[in-house]
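Asks: For reference, the sequence and a predicted model appear below.
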Amino acid sequence: MQVGSIVRSVHIAVPQGARGIVMRILGDMAMVAWYAGEPGASQQLNTEPFFLEDLIDTGDVIRPAGAQTH
């Protein structure tokens, strides 16, 4: 899992079907911006910290705004 990874979760605090983007990783936690469905195509719900163990990596990655390219 890395910054920009698209994740989902079965945690009680996350609505079913919601997807999130990992915005920052801090040790064993990640700050995740949650969306009602697919990020960019649905309403943003909130941004919250979650333990990495509560997140399921979908394998998709979005390049975060401001990231440098080589």
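Replies: Done, it's in. Predicted model only: the values in this text are computed from it and were never measured.

Asks: Surely Ala33 and Ile21 touch.
Replies: Yes: using CB atoms under 8 Å, Ala33 is in contact with Ile21, at 5.0 Å. In this view, the C-beta of every residue, glycine as well, is placed from N, C-alpha and C.

Asks: Asp57: neighbour count?
Replies: 14 (other CB atoms under 10 Å).

Asks: Name the nearest residue to it, sequence neighbours excluded.
Replies: Met1 (5.0 Å; CB to CB, 6 or more residues apart in numbering).

Asks: OK, contacts around that neighbour?
Replies: The contact partners of Met1, by CB atoms under 8 Å, 6 or more residues apart in numbering, come to Val7, Val22, Ile25, Ala30, Leu52, Leu55, Asp57.

Asks: Can you flag the buried ones in those residues?
Replies: Buried by 16 or more other CB atoms under 10 Å: Val7, Val22, Ala30, Leu55, out of these.

Asks: where does the chain dip in pLDDT?
Replies: 64-70 (pLDDT under 70).

Asks: So between Ala33 and Ile21, which is more surrounded?
Replies: Legend: neighbour count by other CB under 10 Å for Ala33 and Ile21, higher for Ile21 (23 against 16).

Asks: Tell me where this structure has helices.
Replies: Using DSSP state H, the chain contains no helices.

Asks: Point to the residue nearest the middle of it.
Replies: Ile21 (2.5 Å; CA atoms, centre = their mean).

Asks: show me the residues around it that make contact.
Replies: By CB under 8 Å, 6+ apart, the neighbours of Ile21 are Gly4, Ser5, Ile6, Val7, Val32, Ala33, Tyr35, Pro39, Ile62, Pro64.

Asks: Apart from its chain neighbours, what residue comes closest to Asp60?
Replies: Closest to Asp60 by CB to CB, 6+ apart is Ile6, at 4.2 Å.

Asks: An error on my part: the question was meant for Gly40.
Replies: Ile62 (7.7 Å).

Asks: Settle this for me: the one you found is touching Gln2, isn't it.
Replies: No: if you go by CB under 8 Å, Ile62 and Gln2 don't touch, sitting 10.7 Å apart.
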